[in-house]
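K.L.:
Got a predicted model here, sequence first, then my questions.
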Amino acid sequence: MHGYGPTPQQQMTSRPSPATLTTVRVILVTVTVLSCGLLGWVAMLRLAIVTRRPRDWVLLVVVMVLNAALFAFILGTPDDPDDMSDASVLLMLLWIVALLAGVITYYLYVEIRHYSSLRSLGSPPPYAAPAHPAPLLYQQHPAQQQQPQHQQPQPNPYTVQTPPPTPTPAPQRLDQVRAELDELSDYLRKENRDGEGR
């Protein structure tokens with residue numbers, strides 16, 4: 001139902017611009033840092049959606065469990081900072097730093113690598129040519145020709161047949177240029193002699 005010509009193909013999703021990717025990365029890293037790692041799952045969710053790899057989905061679940069455990073640990077600590085032991089403060093600090101460093105490093109490394117591999121592969125054109133086009137008639141070997149062509153190609157009535165241009169012989173033109181240069185040299189010598197004689 002599309003008429004003549006190639007059938008339209010589905011639109012390829014375009015790759016986001018580098019500025020958009022950088023903006024999204026900055027926003028997700030900022031959200032992760034400002035929330036002390038508790039919203040690190042947002043960056044991991046984006047990564048899992050973009051790459052669609054099972055490993056990233058598993059890591060998303062791991063980060064969510066670690067965030068829930070950290071939140072429960074923070075709720076379990078006493079409200080008064082003087083009542084907290086040094087070990088619980090150190091554990092909470094190490095937990096937050098490890099979660100921040102792990103999520104941010106992994107997110108940036110994998111996403112940058114993912115989009116750089118897409119760029120190196122390139123995107124296919126909307127109307128891709130067949131992988132192995134059929135050889136033209138003059139390219140086929142006699143053994144490959146299976147059916148002789150019975151139809152004569154019809155000439156296109158709208159094309160104008162132009163005769164091939166006739167090449168000008170190079171030696172004739174070269175001789176003409178030499179003769180003109182010799183005349184010019186003789187004229188300049190004559191003018192030079194006349195100017196010195198005065």
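P.N.:
That came through fine.
K.L.:
mind listing what the residue most central in space within the chain touches?
P.N.:
In the chain, the residue lying closest to the centroid (CA atoms, centre = their mean) is Arg119, at 3.2 Å. For Arg119, the contacting residues are Arg15, taking CB atoms under 8 Å, 6 or more residues apart in numbering as the criterion. Glycine gets a C-beta too; all of them are placed from N, C-alpha and C.
K.L.:
in what helix or strand does it lie?
P.N.:
In this structure, Arg119 is located in helix 86-121 according to DSSP states H and E.
K.L.:
And Leu21, by the same measure?
P.N.:
Using DSSP H and E, the element containing Leu21 is helix 18-34.
K.L.:
going on from that helix, what's the next piece of helix or strand?
P.N.:
Using DSSP H and E, the helix or strand that directly follows helix 18-34 along the chain is helix 40-51.
K.L.:
now the angle between helix 18-34 and that following helix, please.
P.N.:
Put simply, helix 40-51 runs at 150 degrees to helix 18-34, going by axes from the mean of the first three to the mean of the last three CA atoms, to 10 degrees.
K.L.:
Report the mean confidence score over the helix or strand just after helix 40-51.
P.N.:
Remark: after helix 40-51, the chain's next helix or strand is helix 54-76, criterion DSSP H and E. When pLDDT is averaged over helix 54-76, the result is 93.
K.L.:
Show me what helix 54-76 is packed up against.
P.N.:
Where contact means 3 or more CB pairs under 8 Å, 6 or more residues apart in numbering; DSSP states H and E, helix 54-76 is packed against helix 40-51, helix 86-121.
K.L.:
picking up where we left off before, ok, and for the helix holding Leu21, which residues are buried?
P.N.:
25, 28-29, 32 (16 or more other CB atoms under 10 Å).
K.L.:
who's in contact with it?
P.N.:
Helix 18-34 is touched from outside by 16, 39-40, 42-43, 46, 100, 103-104, 107-108, 111, 115, with contacts defined as CB under 8 Å, 6+ apart.
K.L.:
Mind doing that once more with 6 Å?
P.N.:
Contacts made with helix 18-34 from outside it, assessed by CB atoms under 6 Å, 6 or more residues apart in numbering, are listed as 39-40, 43, 103-104.
K.L.:
between the residues you listed, which has the most around it?
P.N.:
Ranked by neighbour count under the definition other CB atoms under 10 Å, the contacts of helix 18-34 are headed by Gly40 with 29 neighbours.
K.L.:
Poorly predicted segments of the chain, please.
P.N.:
1-14, 120-151, 167-170, 197-198 (pLDDT under 70).
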